[in-house]
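Participant: Sequence first, then the predicted structure, then my questions.
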Amino acid sequence: MTNMCTHLKAWGLLGFMCSLILTACGNTPAIDMAIPTDVATTTDEDATIPAIPNERTASNDIPDAGGRLVIALSAEPDTLDLYKSSLSVSDTVGSHIGAALIAKDAEGQIVPYLAEEWDVSADGLTYTFIIKEGINFHDNTPLTTEDLAYSFNRARDPETASPVSGFFVKDLAMAEALDERTLQLTLNQPSFYFLNTLTVSDGYLMPISQRSIEETGDAFGRKPISVGPYMLKEWQTGDRIVLQRNPDFTWGPDFWGDNAPYIETIEYRIIPENATILAGLESGEVDVANVQGREAPRLEASGFQVFSASAQGPLYLNMNTSQPPFDDVLVRRAFSFAVDRHALIKIAANDAATPQYGPLSASQAGYWPGGEKQGYQFNLEQAKQTMIEAGYTLEADGTLTRDGTPFELILVFPAGGEVVARVAQVLQEQFKALGVQLELQQEESSTYYTNLNQGAYPLSITGISYPDATMLELMFHSEGSLNSAQVRDPELDELLKNISSTVDPQEQQEWANQTQQYIIEQAYFIPLWTAQSFTIINNRVNNVTFADPYMFLQSAHIAPE
């Protein structure tokens, strides 16, 4: 299932598997400090994006608060302490609980959120924010600038080992509370995307308090408290996560209005099986879900609302470049030539995707159109010839060998996704045509992601979603937190640094172009497709708003029975 950003104002960041198929995306973090039981409990046995109105449901009437919205997730968050997560499904839930300093309005302009105003120094190194008064945590303790400074510094602290939050603040030297309402963020170097990143940090940089972390410890990930429009009410492992409306939430961006959200509870139901999700939609037990492309026309004809969007990032084939055979650029290029994306999409995605040949998708800032031409087009004969150049022998029966040993590999992918299993099967046949024998291996999703980030797999299927070109730094910098390809390339490191540190837009795009060209030349990964996602919404849910590729619930409400 694709990453469905059921977000009041945000984004389903690079949580792994942000494509039509993978199970770790939601279909786009509490404290035991005398929390009232009606604010947040944990049940485990013992334990701005532009908002574009949906014309069919838009209304000038102010609805009453209430109702329950049930959203299907094909996978479960690993933690709701988003400072320690890299899964977008965690952000899908956690972004309702947290909030950001700034937001984007319907025109894409940066506007106040928790901060009522801000200033950037002439050298681009100092960001000063004046925080609104009267903001409270879910336990009714006040949010202070000390809390905000602690939150930012926790993200950059190596001991936190934050895979995404840490990347958000990779250029941050220090966060300081100058006084009761003034927060200062000082950077090590100018950052082209820094303000934009802050607009989508509701989850991964959710405001937290030091006392909460110290008193709760690791349990924070199961009982998060922040300042957002919803509060955690219940988490039943493997079944559901329930959020409750924060009735005191009045500090959202102006374009949200000065009211708390209307929907009383959001219930995320953990449903790994696509057939069960479809049955839930059709029975009315599920209100919102992502479905495969072939299901969308039928559901739309049945009266459901359908929202289609392109992913911000590719599904791709990951090669571990630190060990044979993929430490050889010729082998990486040969594998790239051997992939027939059009056939793959037709069989595995029911044509609900676009072939991708360059590192970035067209919907991502910094995209270089030249990547689609320079990227490796399907050419099986060229693939075979390149393997021969790499020192392999093409036997009479069509198999590749080296010193008499057949070329055999294991392709690893996460369990639970129907489409990703089909992707693996199609790739198995396509690489068989090259002379490579692939053994398919499914891993339980949480084990898979842990091993993937540690470079445990020689060949694997994964995906990523991110709004701009700094995604490439996450993936390919020597110290990138999502460098599952284990790339160690000083020349590429320098190119990646220039993307984020250059502040002139034209020069910055030139660096992005050069970087994408270099990644293609080195064949550091094999982008497969840009997914098309389909979000299905029950007609009883009114006033949902959309902006490709996001869905917003701030003004949504449930029609009375």
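Facilitator: That came in fine, so what should we check first?
Participant: Per the annotation, how does the protein divide into domains?
Facilitator: Domain ranges of the chain: 52-304+538-558, 315-531, per automatic domain parsing.
Participant: Now those in a markdown table, please, with extra columns for mean pLDDT and mean neighbour count.
Facilitator: In short, each C-beta sits where N, CA and C put it, glycine included. A markdown table is the format used below for those (pLDDT from 0 to 100; neighbours: other CB atoms under 10 Å):
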| stretch | mean pLDDT | mean neighbour count |
| --- | --- | --- |
| domain 52-304+538-558 | 91 | 20 |
| domain 315-531 | 95 | 19 |
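Participant: In contact with P458, which residues?
Facilitator: By CB atoms under 8 Å, 6 or more residues apart in numbering, the contact set of P458 is 319-320, 323, 325-326, 409-410.
Participant: In JSON lines: the residues you listed, plus distance to I97 and secondary structure.
Facilitator: Converted to JSON lines, the contacts of P458 look like this (distance: CB to CB, whole Å; DSSP: H, G, I helix; E, B strand; the rest coil):
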{"residue": "M319", "distance to I97": "36", "secondary structure": "strand"}
{"residue": "N320", "distance to I97": "35", "secondary structure": "coil"}
{"residue": "Q323", "distance to I97": "40", "secondary structure": "coil"}
{"residue": "P325", "distance to I97": "44", "secondary structure": "coil"}
{"residue": "F326", "distance to I97": "40", "secondary structure": "coil"}
{"residue": "L409", "distance to I97": "41", "secondary structure": "strand"}
{"residue": "I410", "distance to I97": "38", "secondary structure": "strand"}
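Participant: wait, which of the residues you listed is closest to T450?
Facilitator: Taking CB to CB as the measure, T450 lies nearest N320 of the contacts of P458, at 15.0 Å.
Participant: Isn't the closest one up against G455?
Facilitator: Yes - in this structure, N320 is within contact of G455 by CB atoms under 8 Å, at 5.5 Å.
Participant: between these two, what contacts are shared?
Facilitator: Contacts common to N320 and G455, judged by CB under 8 Å, 6+ apart, are 484-486.
Participant: Now A390: closest residue in space, sequence neighbours ignored.
Facilitator: Spatial nearest neighbour of A390, chain neighbours left out: L330 (3.8 Å); criterion: CB to CB, 6 or more residues apart in numbering.
Participant: helix, strand or coil for that neighbour?
Facilitator: helix (DSSP: H, G, I helix; E, B strand; the rest coil).
Participant: Tell me if I'm right that it and M387 touch.
Facilitator: Yes - using CB under 8 Å, L330 makes contact with M387 at a distance of 7.5 Å.
Participant: Where do the helices of the stretch 51-200 of the chain begin and end?
Facilitator: In the stretch 51-200 of the chain, the helices defined using DSSP state H, counting those that start in this stretch lie at 88-97, 145-156, 165-168, 194-198.
Participant: Ignore what I typed, I meant the stretch 301-450 of the chain.
Facilitator: Per DSSP H, counting those that start in this stretch, the stretch 301-450 of the chain carries helices over the ranges 329-337, 341-348, 370-374, 380-389, 418-434, 445-453.
Participant: could those helices go into CSV alongside distance to D254?
Facilitator: Conversion of those to CSV gives the following (distance: least, CB to CB, whole Å):
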stretch, distance to D254
helix 329-337, 48
helix 341-348, 42
helix 370-374, 39
helix 380-389, 55
helix 418-434, 40
helix 445-453, 38
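Participant: how about these, which one is nearest Y518?
Facilitator: Of all the helices of the stretch 301-450 of the chain, helix 370-374 comes closest under CB to CB, at 10.6 Å.
Participant: just checking, what packs against that closest one?
Facilitator: helix 505-522 (3 or more CB pairs under 8 Å, 6 or more residues apart in numbering; DSSP states H and E).
Participant: what angle do whatever helix or strand comes next after the helix it packs on and helix 505-522 make?
Facilitator: Once the chain leaves helix 505-522, the next helix or strand it forms, by DSSP states H and E, is strand 525-537. Orientation check (axes from the mean of the first three to the mean of the last three CA atoms, to 10 degrees): strand 525-537 against helix 505-522 gives 120 degrees.
Participant: and strand 525-537, how far out from the chain's middle?
Facilitator: 12 Å (CA atoms, centre = their mean, to the nearest Å).
Participant: ditto for stretch 513-524
Facilitator: Using CA atoms, centre = their mean, the offset of stretch 513-524 from its chain centre is 23 Å.
Participant: what about dumping the CA coordinates of it to PDB?
Facilitator: In PDB, the C-alpha atoms belonging to stretch 513-524 read as follows (Å, rounded to 0.1, in the frame of the first residue of the first chain):
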ATOM      1  CA  ASN A 513      21.400  18.000 -11.900                       C
ATOM      2  CA  GLN A 514      25.100  17.100 -11.600                       C
ATOM      3  CA  THR A 515      24.400  14.800  -8.600                       C
ATOM      4  CA  GLN A 516      21.700  12.900 -10.400                       C
ATOM      5  CA  GLN A 517      23.900  12.500 -13.500                       C
ATOM      6  CA  TYR A 518      26.700  11.100 -11.300                       C
ATOM      7  CA  ILE A 519      24.400   8.700  -9.500                       C
ATOM      8  CA  ILE A 520      23.200   7.300 -12.800                       C
ATOM      9  CA  GLU A 521      26.700   7.000 -14.200                       C
ATOM     10  CA  GLN A 522      27.700   5.000 -11.100                       C
ATOM     11  CA  ALA A 523      24.400   3.000 -11.100                       C
ATOM     12  CA  TYR A 524      24.200   3.200  -7.400                       C
END
